[in-house]
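have a look; sequence and predicted model below, questions after that.
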Amino acid sequence: MAKSAAKESTRQRILDAARKEIVLGNGDLEVANVAKRAGVSDGLTYYHFGNKSGLINAIVNDFYAHFDDKVAGVPFEGETWAEREQARVNAMVTLFYEDPVAMIAVTRLRTDPAFAEEEAERNSRLEQLGASNIASAQRANELDPSLNPLMMASMLLAGVMAGVRVALTASPPLTLAQAQRSVWNFVARAVGLN
């Protein structure tokens, strides 16, 4: 047990160092720099992650695990779909503002051909979750039943990601509250809420 815990601790230390390096490198990192930051050998880094792509993929997967824990997999509180989804939008925008890896993960890293298949599967899963959510609101007569749930979920996901990217890269960047309000207004209008 102690050996397994030490192995996991080392792996996590390398992953934490890689997160810092990828932020400093704006989406790029060198394994040697990660190993140095983590206080381990290059070989130990390769042992845990295989190669540079494996390390980057671990960073992306770690981000999306946080995304699931804080946004996608959370049953937000609220009397109406709109209240619950506004809470979800606010949580998502907050995650992007607080986690410096977030924007790198959903812009630069998601377009890397090495991760295309996994990113497509992840995107499909998020679209399916969104479609199920929208269909549920339609059954409760909270959203227009003529909307195609999967199409709407796909468009909302793409639009929200683009909006957050612009909010963070604007000069000066929008405040968190401004970004949350703008993204929610987009979602509300897109699904036909007043």
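Right, received. Where do you want to start?

now tell me which helix or strand of this protein has the poorest mean pLDDT.
Scoring the helices and strands of the chain by mean pLDDT, DSSP states H and E places helix 100-106 at the bottom, with a mean of 86.

what about Leu143, helix or strand, and which?
Using DSSP states H and E, Leu143 sits in no helix or strand.

tell me how far it lies from Ser154.
Per C-beta to C-beta, to the nearest Å, Leu143 is found 15 Å from Ser154. Yep, even glycine has a C-beta here, placed from its N, CA and C like the rest.

same for the least confident helix or strand of the chain, what does it pack against?
Packing partners of helix 100-106 (3 or more C-beta pairs under 8 Å, 6 or more residues apart in numbering; DSSP states H and E): helix 2-24, helix 52-67, helix 81-98, helix 149-169.

does Phe49 touch Ile14 like I think?
Yes: using C-beta atoms under 8 Å, Phe49 makes contact with Ile14 at a distance of 7.1 Å.

counting neighbours, go ahead and name the busier of these two.
The neighbour count for Phe49 versus Ile14, taken as other C-beta atoms under 10 Å, is higher for Ile14 (24 against 21).

contacts only, for that one.
With contact set as C-beta atoms under 8 Å, 6 or more residues apart in numbering, Ile14 has these partners: Val34, Ala35, Ala38, Val40, Leu44, Thr45, His48, Phe49, Leu55.

now pLDDT, distance to Ser182 and secondary structure too, for those, in CSV please.
Shown next, in CSV, are the contacts of Ile14 (pLDDT from 0 to 100; distance: C-beta to C-beta, whole Å; DSSP: H, G, I helix; E, B strand; the rest coil):
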residue, pLDDT, distance to Ser182, secondary structure
Val34, 96, 36, helix
Ala35, 96, 41, helix
Ala38, 96, 38, helix
Val40, 95, 43, coil
Leu44, 93, 44, helix
Thr45, 94, 40, helix
His48, 94, 40, helix
Phe49, 94, 37, helix
Leu55, 91, 34, helix
